[in-house]
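Peer 1: using only what follows, build the 3D model:
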Amino acid sequence: MTKQIIGDPLVINGRRLSLSRAVRAGDFVFLTGQVPMQNGAVMTHGSIEDQTCAVLDDITATLAMAGCDRNDVVKSMVWLTSREDFPGFNAVYAEYFPEQPPARSAIVNDLLVDVKVEIEVIAYKPQV
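Peer 2: Now for the predicted structure:
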């Protein structure tokens, strides 16, 4: 099995991060945890709904780079900074995964950057 790096290196606030946007390993694609971004900067403003849309839009774009779409996502891990944000997050998440949603875990915890949400996904897409 070979490992393939997907996408350009991640840059936040002008600084290149020492991680890959996504990695394909066989039939699985592992995306790095995504935080809400806007114009190359961390999105520290906006509602949980705004931030969740930004993250899921970036995840959708990264999946496309790997030849996948949201229907290929089999597992997601979610970090929220506030338990009170869960209903708003969940409403948006349900719009992006309306049928046969992936398995999901969610925790409430501080994040390394000042945002409300971070999402990581794993997709399964057999290589041709």
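Peer 1: roughly how far does the closest residue in space to L10 that isn't next to it in sequence sit from T60?
Peer 2: In space, and not counting its chain neighbours, L10 is closest to L17: 4.5 Å by Cβ to Cβ, 6 or more residues apart in numbering. In short, each C-beta sits where N, CA and C put it, glycine included. In this view, L17 and T60 are 20 Å apart by Cβ to Cβ, to the nearest Å.
Peer 1: equivalent analysis for I122, please.
Peer 2: 15 Å.
Peer 1: next: Y124.
Peer 2: Distance, Y124 to T60, by Cβ to Cβ: 16 Å.
Peer 1: and the strands in the chain?
Peer 2: In the chain, the segments counted as strands under DSSP state E are 3-6, 11-12, 15-16, 22-25, 28-31, 37-38, 41-42, 73-80, 103-108, 117-124.
Peer 1: where in the protein is pLDDT low?
Peer 2: Applying pLDDT under 70 to the chain flags the ranges 1, 12-13.
Peer 1: and the helix ranked longest in it, what does it pack onto?
Peer 2: Assignment by DSSP state H gives helix 48-65 as the longest helix of the chain. Judged by 3 or more Cβ pairs under 8 Å, 6 or more residues apart in numbering; DSSP states H and E, helix 48-65 is in contact with strand 22-25, strand 28-31, strand 37-38, helix 86-96, strand 117-124.
Peer 1: now what about the fourth one, what contacts it?
Peer 2: By Cβ atoms under 8 Å, 6 or more residues apart in numbering, the list of residues contacting helix 86-96 from outside reads 47-49, 52-53, 56, 60, 70, 78, 80, 101, 106, 117.
Peer 1: ChimeraX command for the buried members of the residues you listed?
Peer 2: In ChimeraX, a selection of the buried entries from the contacts of helix 86-96 looks like this (16 or more other Cβ atoms under 10 Å):
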select :48,49,52,53,56,70,78,80,106,117
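Peer 1: reformat the contacts of helix 86-96 into JSON lines and put distance to A94 next to each item.
Peer 2: Formatted as JSON lines, the contacts of helix 86-96 follow (distance: Cβ to Cβ, whole Å):
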{"residue": "S47", "distance to A94": "16"}
{"residue": "I48", "distance to A94": "13"}
{"residue": "E49", "distance to A94": "12"}
{"residue": "T52", "distance to A94": "11"}
{"residue": "C53", "distance to A94": "12"}
{"residue": "L56", "distance to A94": "11"}
{"residue": "T60", "distance to A94": "15"}
{"residue": "R70", "distance to A94": "12"}
{"residue": "V78", "distance to A94": "13"}
{"residue": "L80", "distance to A94": "15"}
{"residue": "P101", "distance to A94": "7"}
{"residue": "A106", "distance to A94": "13"}
{"residue": "V117", "distance to A94": "14"}
